[in-house]
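S.K.: only geometry, no sequence info:
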């Protein structure tokens with residue numbers, strides 16, 4: 001039996017200056033003066049010109065505009081404390097097989113939405129927590145030539161942190177929108193993992209691995225409490241039918257490695273691998289043109305190491321079939337979609353010196 005615990009205290013300080021709406025001053029142009037509830041507000045109060053200097057005169061890494069010039073001025077701090085722990089029971093079935101059962105907990109600290117535009121949305125969001133139950137078997141067969149590891153797990157997440165677009169009305173009654181981070185729900189993930197290594201000969205080795213993942217929302221509701229801004233209420237929306245991002249159902253891989261001895265000239269090694277991943281989502285809202293498409297990547301390498309193992313040269317190539325696949329996407333309000341693609345066909349040479 002093995003057990004361990006960790007105590008974490010995370011403190012964050014947050015200071016946000018933003019948005020116009022400060023009081024009018026002697027530098028406020030008459031065309032920028034707006035009277036709201038009997039008070040004169042400057043619609044460009046957070047512009048550098050309100051300090052009496054030009055952009056060319058702006059000091060490097062210094063903001064000369066005072067705090068009162070900003071419509072939103074929030075200074076806050078928050079700390080979070082958490083005890084996380086893990087307990088494991090191992091059972092030696094025989095000298096070549098070990099079974100285990102573990103339970104562990106974890107958390108991601110809370111924080112603030114850095115680009116918030118109102119007092120209501122500049123408030124902290126809570127930590128995201130989870131627990132995981134896992135069982136598995138680690139074993140060797142055929143006098144150690146075959147190694148097989150199996151695992152099954154169940155994980156539940158609570159207080160998931162998600163981004164939400166909400167309406168925002170500034171000091172002048174103009175309504176626009178902003179993106180804030182909120183705690184929006186819970187999810188459950190369970191799956192299986194397996195990896196097998198087979199040493200066919202002293203020179204030839206094969207490795208295969210695979211995993212199955214089923215990850216679903218238990219609850220996923222977005223709808224911000226906007227009592228601080230009653231002009232723009234939002235309605236809670238149940239999104240629990242959406243697919244959890246970055247949770248492809250299948251991952252499969254296989255590789256082969258062959259090494260041969262060149263005597264006094266050192267050793268050579270040839271490796272080839274293929275790794276497959278099924279389709280999945282990237283966007284929290286499963287937006288169009290933001291999916292991780294199913295793809296298989298083929299890599300290969302040829303390595304030479306001198307007899308004493310000090311020097312080595314490796315020729316390598318990745319994504320040899322030049323597969324195009326998406327690894328990141330940020331759709332914005334249906335207007336455009338910023339997409340990151342994986343590396344195309346890439347090859348190179350590595351020289352190594354081992355001390």
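M.R.: Cool, the structure landed. Bear in mind the structure is a predicted one, so any value in this text is a computation, not a measurement.
S.K.: would you mind measuring from the residue nearest the centre of the chain to residue 309?
M.R.: Among the residues of the chain, residue 246 comes closest to the average C-alpha position under C-alpha atoms, centre = their mean, at 8.7 Å. Separation of residue 246 from residue 309 (C-beta to C-beta, to the nearest Å): 39 Å. The way it works is simple: take the backbone N, C-alpha and C, and place the C-beta from them, glycine included.
S.K.: helix or strand: which one has residue 62?
M.R.: Following DSSP states H and E, there is no helix or strand that holds residue 62.
S.K.: top strand in this structure by residue count?
M.R.: As assigned by DSSP state E, the longest strand anywhere in the chain is strand 72-94.
S.K.: where does the stretch 251-355 of the chain have low pLDDT?
M.R.: The stretch 251-355 of the chain contains no residues with pLDDT under 70.
S.K.: what of the chain?
M.R.: Using pLDDT under 70, the chain drops low at 224-235.
S.K.: change it to 50
M.R.: By pLDDT under 50, the weakly predicted segments of the chain are 226-233.
S.K.: what about residue 287, how many neighbours?
M.R.: Applying other C-beta atoms under 10 Å, we find 17 residues neighbouring residue 287.
S.K.: I figured it hits residue 336, correct?
M.R.: No - applying C-beta atoms under 8 Å as the test, residue 287 and residue 336 come out as separate, 11.2 Å apart.
S.K.: remind me what the longest strand of the chain packs against, helices and strands.
M.R.: If contacts are counted by 3 or more C-beta pairs under 8 Å, 6 or more residues apart in numbering; DSSP states H and E, strand 72-94 sits against strand 2-18, strand 97-108, strand 128-141.
S.K.: cutoff 6 Å now
M.R.: Secondary-structure packing of strand 72-94 (3 or more C-beta pairs under 6 Å, 6 or more residues apart in numbering; DSSP states H and E): strand 2-18, strand 97-108.
S.K.: and stretch 118-132, what's buried?
M.R.: By 16 or more other C-beta atoms under 10 Å, the buried positions in stretch 118-132 come out as 118, 120-132.
S.K.: before we move on, which element is the residue nearest to the centre of the chain in?
M.R.: Under DSSP H and E, no helix or strand contains residue 246.
S.K.: count of residues packed around the nearest residue to residue 5 once chain neighbours are set aside?
M.R.: Spatial nearest neighbour of residue 5, chain neighbours left out: residue 85 (4.1 Å); criterion: C-beta to C-beta, 6 or more residues apart in numbering. The local packing of residue 85 (other C-beta under 10 Å) involves 14 other residues.
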